[in-house]
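Participant: all I have is the shape, not the residue letters:
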């Protein structure tokens, strides 16, 4: 039995414990709720571990799904804290967790139950998914055909050890992200599902590990003034442009107000922090905990956009994940454009 199936069963049990409600899971990825007079179908998404950060990321996915498919969607998860519940309620994202916290708002029922305590035991997926696993997932999403390469080649591209790859691929198979082939190799079974897992893991685990420092421009002036200097620095090969600035260049759709700079380590003995400070001084930036220009360290060997003319930009996988951290409608529209124009191609070829 797949690891996620017990979570689905627990959530269904909580729904069926409600008065005058019957919940069933059909053959397709759908939950049907019935009362005496009406029935409502939900698509559902299982996200085992949801925090305040990942709750923010779930919102654009769910809104996009409902907009594009015309279906209601229900979040199933292990446990939601009160802050996470507040975020989901504000955006009317319906949910149920294995503790019995429930929010439904449909023609058959309106139900809000919150304040249920966390179930005992560790989260379902954390023993399988680690920070280094997200580096592995990234390289699989960037180049799905790398699954035909050797373990050593995959490890070098992702910036992790061969043993991490050897453990990580079976784990991703067990979690339902990969399919095992007759020749013993793997293939991605559901690219969008693996992409969602990457983006949530990037926001919650990997990006915090990679952040070097945040800066803000010295003196007055608009972001466009410093953006010119940042683009010149990227042309010189000092870093890759990411975040809003990188996405604006890629799509010509956004007026950026921030940037993520992916540092290219120039020498093994050079401290990444010292490198960031030296670049910041030249760019006339000063350290600021809430600065809108964030330096992050690259990982592996394939953080650069591999398309002609985009060599100064971080890969669209990184740009897309960074945009989802910004709760702005225009930014989210830009993220949609990135997906449609670039990431959907990888989905088709996975």
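Facilitator: Arrived safely. Only a predicted model underlies this, so the values are computations on that prediction, with no experimental measurement involved.
Participant: wait, residue 59 sits on residue 95?
Facilitator: No: taking contacts as C-beta atoms under 8 Å, residue 59 lies outside contact range of residue 95: 11.5 Å. Backbone N, C-alpha and C define where each C-beta goes, glycine included.
Participant: the two - which one has more neighbours?
Facilitator: residue 95 (26 against 18; other C-beta atoms under 10 Å).
Participant: list the contacts of the more buried one.
Facilitator: 74-77, 80, 85, 88, 101-103 (C-beta atoms under 8 Å, 6 or more residues apart in numbering).
Participant: could you measure from it over to residue 89?
Facilitator: Going from residue 95 to residue 89 by C-beta to C-beta, to the nearest Å gives 9 Å.
Participant: between these two, what contacts are shared?
Facilitator: Joint contacts of residue 95 and residue 89 (C-beta under 8 Å, 6+ apart) are residue 103.
Participant: how many residues are close by residue 236?
Facilitator: Residue 236 is flanked by 11 other residues according to other C-beta under 10 Å.
Participant: give me the pLDDT for it.
Facilitator: pLDDT recorded at residue 236 is 92.
Participant: any stretches of the stretch 251-350 of the chain with poor pLDDT?
Facilitator: Within the stretch 251-350 of the chain, the set of residues satisfying pLDDT under 70 comprises 266-270, 349-350.
Participant: pretty sure residue 153 is in contact with residue 147, am I right?
Facilitator: No: contact between residue 153 and residue 147 fails when scored by C-beta under 8 Å: they sit 10.5 Å apart.
Participant: ok, those two, which is more surrounded?
Facilitator: Shown here are residue 153 and residue 147; by other C-beta under 10 Å, residue 147 has more neighbours (17 against 14).
Participant: excluding chain neighbours, what is closest to the more buried one?
Facilitator: residue 186 (5.1 Å; C-beta to C-beta, 6 or more residues apart in numbering).
Participant: same check, this time on residue 168
Facilitator: Excluding the flanking residues, the one nearest residue 168 by C-beta to C-beta, 6+ apart is residue 136, at 4.6 Å.
Participant: against residue 318, how distant is the one you found?
Facilitator: Counting by C-beta to C-beta, the gap from residue 136 to residue 318 is 15 Å.
Participant: what do you get for residue 104?
Facilitator: For residue 104, the distance to residue 318 - C-beta to C-beta - is 36 Å.
Participant: over to residue 347?
Facilitator: In this view, residue 347 and residue 318 are 17 Å apart by C-beta to C-beta.
Participant: of these two, who's got more company?
Facilitator: residue 318 (28 against 16).
Participant: and the nearest residue to residue 113 once chain neighbours are set aside, what are its bridge partners?
Facilitator: Nearest-residue entry for residue 113: residue 102, 4.5 Å, with adjacent residues in sequence omitted and distances by C-beta to C-beta, 6+ apart. Taking DSSP bridges, one finds residue 96, residue 113 as the beta-bridge partners of residue 102.
Participant: residue 102 and residue 13 touch, don't they?
Facilitator: No: with contact defined as C-beta under 8 Å, residue 102 does not reach residue 13; the gap is 11.7 Å.
Participant: hey, where'd the helices end up in this structure?
Facilitator: Here the chain has its helices, by DSSP state H, at 5-16, 52-69, 82-90, 131-142, 151-158, 162-174, 191-201, 207-210, 223-235, 243-251, 272-282, 316-323, 329-338, 344-349.
Participant: can you say which of those is packed in most?
Facilitator: Each of those was scored by mean neighbour count; the highest is helix 316-323, a mean of 26, by mean count of other C-beta atoms under 10 Å.
Participant: which residues of the stretch 101-250 of the chain score low on pLDDT?
Facilitator: Looking at the stretch 101-250 of the chain by pLDDT under 70, you get 121-127.
Participant: my guess is residue 257 contacts residue 326, does it?
Facilitator: No: under the criterion of C-beta under 8 Å, residue 257 is not in contact with residue 326, lying 9.0 Å apart.
Participant: give me the common contacts of those two.
Facilitator: Residues touching both residue 257 and residue 326 (C-beta under 8 Å, 6+ apart): residue 244.
Participant: what's near enough to touch the closest residue to residue 323 other than its chain neighbours?
Facilitator: Spatial nearest neighbour of residue 323, excluding adjacent residues (C-beta to C-beta, 6+ apart): residue 335 at 4.1 Å. By C-beta under 8 Å, 6+ apart, the residues touching residue 335 are 60, 247, 320, 323-324.
Participant: ok, now residue 104?
Facilitator: 33, 74, 94, 96, 110-112.
Participant: and it, how far from residue 89?
Facilitator: 12 Å.
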